[in-house]
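J.: Following is a predicted model, sequence given first.
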Amino acid sequence: MKAWVIVLILLIGVALGVSGTILAPKLAGPYLPESFRAKTEVVEGEVDRKLREQDRLLLTVQTSQGTVLATFKQKVAEIDLLVQKGDMVTLALRRYEPFVEEPVIERVRKLQPTKPEAAKQEPTSRPKAGEPSPPETAAAPGPSGITAQVTTDPSPAKVGRNRVRVEVTDGSGQPIPDAEVELRIFMPQMGSMAPMESKAILSPVDGGEYAGELDIPMAWTWETTITARKDGRVIGTVMTSITAR
């Protein structure tokens with residue numbers, strides 16, 4: 001046998017081995033017995049937000065360890081029908097991460113019966129890049145009951161450096177002073193474009209109000225997470241959006 005044939009066979013074998021090492025756990029994992037699967041961490045939380053797009057589904061899940069943004073590109077229609085906002089879901093993760101793709105959904109619990117008229121989910125409208133956004137974005141209360149009101153200067157926000165101001169209140173509408181507030185914007189991977197993010201650590205300027213500088217990389221409606229902490233402990237997380245043009 002010629003030397004180049006042997007070398008070619010060896011290269012093919014190495015390529016198959018590397019591909020199997022990378023792809024086999026992901027493709028075969030769900031079909032393997034429990035004892036053969038890679039070690040996973042099970043987390044449970046409430047679905048705080050759901051966004052259906054043309055070819056994917058995004059779920060924001062509030063867990064005891066923090067917020068998880070799960071992206072699904074497989075079985076999108078089935079998951080969209082099964083999981084609704086307010087459901088309790090159990091996810092199997094390799095380890096806790098704030099951003100995960102295709103996590104295994106082990107269980108879904110309905111906390112309240114779904115009414116027939118509420119089962120239909122209206123399409124989610126997202127402002128197009130370049131459209132003006134309102135001066136302030138009122139964020140819905142998170143599971144902990146806190147609410148965050150976001151203002152940008154300029155308004156609407158622009159590409160580049162912006163001044164952001166956040167007012168944080170508790171469930172009764174009272175300001176929350178002396179907290180550590182972080183504002184983070186995120187854009188998931190789309191096609192060949194890698195995911196992008198930016199964050200700002202906000203300083204207290206008045207009772208319950210915090211301000212800082214945020215750099216926005218491009219014109220887009222950015223998924224925005226506001227996290228408030230006291231003494232190093234998370235007291236609340238709020239999800240909203242900021243549109244830049």
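T.: Ah, there it is. Model, not experiment: these values are computed from the prediction.
J.: which residues touch the residue nearest the centre of the chain?
T.: Averaging the C-alpha coordinates of the chain gives a centre point, and the residue nearest to it by Cα atoms, centre = their mean is residue 69 (2.6 Å). Under the criterion of Cβ atoms under 8 Å, 6 or more residues apart in numbering, the contact partners of residue 69 comprise 58, 59, 60, 61, 98, 99, 100, 186, 188, 223. Placement of C-beta: from N, CA and C, glycine included.
J.: And residue 43, by the same measure?
T.: 61, 63, 64, 65, 68, 90, 91, 93, 96.
J.: Domain boundaries for the chain, per the record?
T.: Using automatic domain parsing, the domains assigned to the chain come out as 41-113, 136-244.
J.: For the first one, what is the distance to the chain centroid?
T.: I take that to be domain 41-113. Distance of domain 41-113 from the chain centroid (Cα atoms, centre = their mean, to the nearest Å) equals 10 Å.
J.: Helices of the chain, start to end?
T.: Taking DSSP state H as the test, the helices found in the chain are 3-28, 76-82.
J.: Which residues belonging to the shortest one are considered buried?
T.: Neighbour-count burial for helix 76-82, with 16 or more other Cβ atoms under 10 Å as criterion, is recorded at residue 79.
J.: Looking at it now, give me its mean pLDDT.
T.: Along helix 76-82, the predicted confidence averages to a pLDDT of 87.
J.: Ok, stretch 52-69 next?
T.: Per-region confidence: stretch 52-69 scores 86 on mean pLDDT.
J.: Likewise for stretch 88-98?
T.: Model confidence over stretch 88-98, given as mean pLDDT, is 86.
J.: how about it: buried residues?
T.: By neighbour count, with 16+ other Cβ under 10 Å as the criterion, the buried positions of stretch 88-98 are 89, 90, 91, 92, 93.
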